Structures are given as C-alpha cells and as structure tokens.
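Colleague: Give me coordinates for this.
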Amino acid sequence: MENALNQLKELNNKIKEQQRPRIQDQEERKEIKDLIKQIKEFTEAVLPQNKTGQVFKQENQTKYPKDSSPPFSQRHIPYTPAQSIPKPYLKCYYCLEEGHSVNRCNYLFEDQNKKLVSRQGSGFLFPNWQRVPTDGKIAPKKLVEDFAKEPEVTTVVLIPKKMFFMRSPQRNSHP
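Modeller: Sure, this is the predicted structure:
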C-alpha cells in the first residue's frame, strides 16, 4: 500500500513538472495523456484492495437497487425550483377563500382601512366592539358587509317643556 502511495506521489510530481500555462508541443501533450492513463490504471488497481469501500458499495446496491427510489426525499435532491413544489393548503378564515392566509387577505385590509372591522387576537370586532361570530359556514367578511349596510339607528329624545334644574350645594374650599 505504501509503495502504491509513493508511485501516486511520483506521478503527481511528474504532472506538476509537465504542466505549463500553454502546452504547445505535441509530444508534451502525449506524455501528459499517458500520465493520466497511468493514474487511472493505478487508481483502478488500488481501489479493489480497499475492502471496506467494496463492502459498502455492495451493501448499498443490495439495499437500494438503482431502479427503486432512494431512502431520501426526491423533492430536496436535486434542487427543484420553488415554482414546482406544490403549495400547502391555505384557507383564509376571513373571506373563506383558498390560496392565502388571513394575514395576506386583501378584503380584510380593505375593511380595516374603511374602519368596518378590527382584529383582536385571532378574532374580529365590529366598529361597535362586538365580536364577529365565526362558525366556519358564513364568512366574517359577509357579516361585516351586512353590518355596514345596516343604517345607523338615530335616537330621538323628547324633552319635556318644563324642566327644573337643581343646583348641587356648593362646597367650601376652606374647611
């Protein structure tokens, strides 16, 4: 094994001596090709002596034949662009539409800008601070729209013609 390593070092030294920025001579090119062939032959001769590598290769070939799928996810190796990975299932619980979450819901942003709804934690509030009911069947967006369409109730207070006002007794500022 040591003899093989010494030969490999000698071949590497020969290659380094032979390399130049530009090789113009055909003979030098031929010598380099011969050296490369010798290195390939040498590595092929040395590799079968490495028993652990052979055993590992044989174990992997028996466990995972080339036709079967590898033990790791195909999604990650090789790299696949983000556009080809299927998007996770998202459903907004404000408008009940698919494809986005409540944090990216344009309808919610519009209603918040119009002061029709506000968020408190995971729930929504009407402008009168009542909680918007969320049961999953009716979208909170629809309830907010219905609430906004209802006219505001104006209250009329009738004041009697004669009213008496009582003054509260004045308090002395000094005891």
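
Colleague: what's the pLDDT at Asn106?
Modeller: At Asn106, the model reports a pLDDT of 91.

Colleague: Going forward, count from 449.
Modeller: I'll keep to 449 as the first residue from here, and by that count the last item is Asn554.

Colleague: List the buried residues of the longest helix along the chain.
Modeller: The single longest helix within the chain, with elements called by DSSP state H, is helix 474-494. Across helix 474-494, burial judged by 16 or more other Cβ atoms under 10 Å covers Ile487. No exception for glycine: its C-beta is placed from N, CA and C like everyone else's.

Colleague: Ok, stretch 551-565 next?
Modeller: Cys553, Tyr555, Leu556, Asp559, Leu564, Val565.

Colleague: how far does it stretch from start to finish?
Modeller: 14 Å (Cα to Cα, to the nearest Å).

Colleague: Ok, stretch 577-588 next?
Modeller: 15 Å.

Colleague: Count the residues that sit near Tyr542.
Modeller: 24 (other Cβ atoms under 10 Å).

Colleague: Could you do the one 5 residues further on as well?
Modeller: Per other Cβ under 10 Å, the neighbour tally for Gly547 reads 10.

Colleague: Need phi/psi at it.
Modeller: When read as degrees, to the nearest 10, the backbone of Gly547 gives phi 110, psi -10.

Colleague: domains of this structure?
Modeller: 450-511, 530-599 (automatic domain parsing).

Colleague: Would you single out the least confident of those domains?
Modeller: domain 450-511 (a mean of 70).
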